[in-house]
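**Student:** generate a structure from the sequence data that follows.
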Amino acid sequence: MGVNSSKKLAAKCSFLSKDEQLIVSNSFKLASRNSEKIKEDELTKLWGSQMDGRLLQYINNYLFGKGEQKVTTVDLEKFAELFVFCTRGTVDEKVKVLLTSLGKSEEEDIPYSLVKEYVESIVSSYMKIQRLSNSKQYKSWASRGCQIHTQNSQRLAESLTRDLSGESPISRRSLESWLQGSTVLGQLLLFVFMHLYNISHKDKSTALVSEKQQSANPPENEASATDSDGIKERSLVPYCRGLDLIPSYPSILDLNQIVFMNAHLPQQYQVEWRFLFSSEIHGESFSTLIGRIVNQGPSVLVLEDRSGYIFGGFAPANWALGPNFFGDDSSFLFTLAPRMRVFPSTGYNQHFQYLNLHQQTMPNGLAMGGQFGYCGLWIDAEYGKGHSSESCTTYGSYQQLSHTKEFHFRHMEVWGLGQPPPTPQEKGERVTGKGGSILDGNAESKAMLKMAGKTIHSEGLREPPNT
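**Tutor:** Numbering: from 1, shown residues only. As a prediction, the model looks like this:
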């Protein structure tokens, strides 16, 4: 079957867009070996090495059936249907794929364990494809020692299915409701199936992101990959910056955990993470921590306590020293181990971020959520100590983050998100001159002087501005 005839056949699938017709027809041509049908063993040869073995079986179940309903070949329409349902399908269509893949009928209820394993196969395949595609985003983490652990793939799958965990067997209505709100699962499915349908060992120009495209696109623009036909999908792996001078970075994070956190960030912050602080590298000093995170824009804080619990928070506002809470309701807390959970803002109060030091009348430390003495996350100025309260009104569905309320942590790291805010010089502001002080343009230096108990003698001794 030639390219033209394949396109003509694809055009008969009215549910395909023009871009999709080219993708699906090329993939069908390769899998069918230029014939009118695809055999199961040929598809297994083409896709088997690209995914978790369980997902391959689910796909074969959907395409070729099981038991007495099993067929030996499938045509392009069925092959195209799987692509559309998994990349942009309706809730009904995705439920159909799930049930058929698991060998269940439309009327049957389904055990939670089967749904969880189905999602786990998608997560595992996503991670495998990340390794195989070796994109710049993936390499930026893998080259610094970031790994992919099976246990964390399982935790990510559990977090994606947690809304179903209390119901077994699961009804179709519950599946529909769950899939309607599973945006992260939808993104993982999109990534996996865009990769599978763009595989070509003979013509590498049809790959999802060719080496030429990767080298042409700067890392800042690699939050989404674009194939030659203009169809886009977003990777949930951000680009890692700031570790160029650190050949072996001792991060506590693996790629599953990074994807989980990144998926819950506002979209404009999902492109790039900048390394700011690590207790392993910069030492155990609260003042050093402050100096490295102040005026760096939005950030993610991650801690590991001595019991192996990993948790932290997303801080959307610039960290700044002061006696008051600040930030906005895009802030959230999260846990990564032993379970993956996100706790979003409730709107009950505005106690999102707090940072203070060397104050006699106010607590000295870093806080996110709650109130003093009962914070969702508190890092004491006496470095290494903290607490996580049993309850926190600032964040919804909140559960204590650490193993015990009062904890000591053995590792902490902070990542800036996106580009850092411009300096006063970059904004063109005057920082010296008549009536001004160089410290007017350096809020961080002023803050550090205040922390050290030094007086800024120029304050109050300036000439009034000319009128």
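**Student:** from here on, just use CA atoms for contacts and neighbour counts.
**Tutor:** Fine.
**Student:** tell me the bridge partners for Phe275.
**Tutor:** For Phe275, the beta-bridge partners under DSSP bridges are Trp415.
**Student:** residues near it, how many?
**Tutor:** For Phe275, the count of nearby residues is 18 (other CA atoms under 10 Å).
**Student:** with Gln268 instead?
**Tutor:** Gln268: 10 surrounding residues under other CA under 10 Å.
**Student:** next up, the contacts around the spatially closest residue to it that is not a sequence neighbour.
**Tutor:** Leaving aside its chain neighbours, Gln268 sits nearest to Gly418 (7.8 Å; criterion: CA to CA, 6 or more residues apart in numbering). Applying CA atoms under 8 Å, 6 or more residues apart in numbering to Gly418 gives the contacts 268-274, 298.
**Student:** could you pull out the helices for the stretch 351-467 of the chain?
**Tutor:** Secondary structure of the stretch 351-467 of the chain (DSSP state H, counting those that start in this stretch): helices at 443-451.
**Student:** shaky segments in it?
**Tutor:** Along the stretch 351-467 of the chain, the parts satisfying pLDDT under 70 run over 424, 429-467.
**Student:** and what of the chain?
**Tutor:** Using pLDDT under 70, the chain drops low at 1-12, 200-234, 247, 424, 429-467.
**Student:** how is it divided into domains?
**Tutor:** 3-212+226-234, 273-417 (automatic domain parsing).
**Student:** now the ones you listed as CSV including distance to Ser248?
**Tutor:** Compiled in CSV, the domains of the chain are given as follows (distance: least, CA to CA, whole Å):
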stretch, distance to Ser248
domain 3-212+226-234, 6
domain 273-417, 11
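**Student:** tell me which of the ones you listed is the most buried.
**Tutor:** domain 273-417 (a mean of 20; mean count of other CA atoms under 10 Å).
**Student:** ok, back up a step: which of the contacts of Gly418 fall within strands?
**Tutor:** 272-274 (DSSP state E).
**Student:** name the element the closest residue to Asp163 other than its chain neighbours belongs to?
**Tutor:** Nearest non-adjacent residue to Asp163, counting by CA to CA, 6+ apart: Trp178, 7.0 Å away. Element membership of Trp178, judged by DSSP states H and E, is helix 172-181.
**Student:** now do that helix: everything it contacts.
**Tutor:** For helix 172-181, contacts defined as CA under 8 Å, 6+ apart pick out 91-92, 94-95, 106-109, 163-164.
**Student:** could you dump it to PDB, C-alpha only?
**Tutor:** Coordinates of each C-alpha in helix 172-181 appear next as PDB, following Å, rounded to 0.1, in the frame of the first residue of the first chain:
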ATOM      1  CA  ARG A 172     -19.500   3.400  35.100                       C
ATOM      2  CA  ARG A 173     -20.800   6.700  36.400                       C
ATOM      3  CA  SER A 174     -17.800   6.900  38.900                       C
ATOM      4  CA  LEU A 175     -15.400   6.200  36.000                       C
ATOM      5  CA  GLU A 176     -16.900   9.000  33.900                       C
ATOM      6  CA  SER A 177     -16.700  11.500  36.800                       C
ATOM      7  CA  TRP A 178     -13.100  10.500  37.500                       C
ATOM      8  CA  LEU A 179     -11.900  10.700  33.900                       C
ATOM      9  CA  GLN A 180     -13.700  14.000  33.500                       C
ATOM     10  CA  GLY A 181     -11.400  15.500  36.100                       C
END
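**Student:** next SSE downstream of that helix?
**Tutor:** Next along from helix 172-181, by DSSP H and E: helix 183-196.
**Student:** which strands or helices does that following helix pack on?
**Tutor:** Under the contact definition 3 or more CA pairs under 8 Å, 6 or more residues apart in numbering; DSSP states H and E, helix 183-196 sits against helix 76-88, helix 112-133, strand 232-234.
**Student:** between the next helix or strand after the first one and helix 112-133, how many degrees?
**Tutor:** Think helix 76-88. Per DSSP H and E, the first helix or strand lying C-terminal to helix 76-88 is helix 91-101. Here helix 91-101 runs at an angle of 100 degrees relative to helix 112-133 (axes from the mean of the first three to the mean of the last three CA atoms, to 10 degrees).
**Student:** got the contact list for helix 91-101?
**Tutor:** 57-62, 65, 82, 85-86, 105-106, 118, 172, 175-176, 179-180.
**Student:** can you do 7 Å?
**Tutor:** For helix 91-101, contacts defined as CA atoms under 7 Å, 6 or more residues apart in numbering pick out 58-59, 61-62, 85-86, 105-106, 175-176, 179-180.
**Student:** biggest separation within these, which pair?
**Tutor:** When CA to CA is used, the two most widely separated members of those are Asn61 and Gln180, lying 23.5 Å apart.
**Student:** before we move on, back to that, next, format the ones in strands among the contacts of Gly418 as CSV and append distance to Tyr126.
**Tutor:** Output for the ones in strands among the contacts of Gly418, formatted as CSV (distance: CA to CA, whole Å):
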residue, distance to Tyr126
Glu272, 19
Trp273, 20
Arg274, 24
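**Student:** got the CA positions of whichever strand or helix holds Ser159 in PDB?
**Tutor:** Following DSSP H and E, one finds Ser159 within helix 150-160. Only the C-alpha atoms of helix 150-160 are listed here, as PDB (Å, rounded to 0.1, in the frame of the first residue of the first chain):
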ATOM      1  CA  THR A 150       9.200   1.900  40.100                       C
ATOM      2  CA  GLN A 151       7.900   2.700  43.600                       C
ATOM      3  CA  ASN A 152       7.300   6.300  42.700                       C
ATOM      4  CA  SER A 153       5.600   5.400  39.400                       C
ATOM      5  CA  GLN A 154       3.300   3.300  41.600                       C
ATOM      6  CA  ARG A 155       2.700   6.200  43.900                       C
ATOM      7  CA  LEU A 156       2.000   8.500  41.000                       C
ATOM      8  CA  ALA A 157      -0.600   6.100  39.700                       C
ATOM      9  CA  GLU A 158      -2.200   5.800  43.100                       C
ATOM     10  CA  SER A 159      -2.400   9.500  43.400                       C
ATOM     11  CA  LEU A 160      -4.200   9.700  40.000                       C
END
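**Student:** let the chain start at 863 from now.
**Tutor:** Sure, I'll start counting at 863 from here, so that last one is helix 1012-1022.
**Student:** tilt between it and helix 1045-1058?
**Tutor:** 120 degrees.
**Student:** contacting residues for Thr1012?
**Tutor:** Counted by CA under 7 Å, 6+ apart, Thr1012 has zero contacts.
**Student:** try 10 Å
**Tutor:** Residues counted as contacts of Thr1012 (CA atoms under 10 Å, 6 or more residues apart in numbering) are 982, 985-986, 989, 1018, 1118.
**Student:** for Tyr1111, same thing?
**Tutor:** By CA under 10 Å, 6+ apart, the neighbours of Tyr1111 are 1003, 1005-1008, 1105, 1140, 1142-1143.
**Student:** which of those residues fall within strands?
**Tutor:** Ser1140.
**Student:** so what's Lys901 bridging to?
**Tutor:** Per DSSP bridges, the residues bridged to Lys901 are Thr935.
**Student:** measure it to Thr1150 for me?
**Tutor:** When distance is defined by CA to CA, to the nearest Å, Lys901 is 62 Å away from Thr1150.
**Student:** one more: Gln1130?
**Tutor:** According to CA to CA, Gln1130 stands 28 Å off from Thr1150.
**Student:** and Arg950, by the same measure?
**Tutor:** 47 Å.
**Student:** same check on His1270?
**Tutor:** 18 Å.
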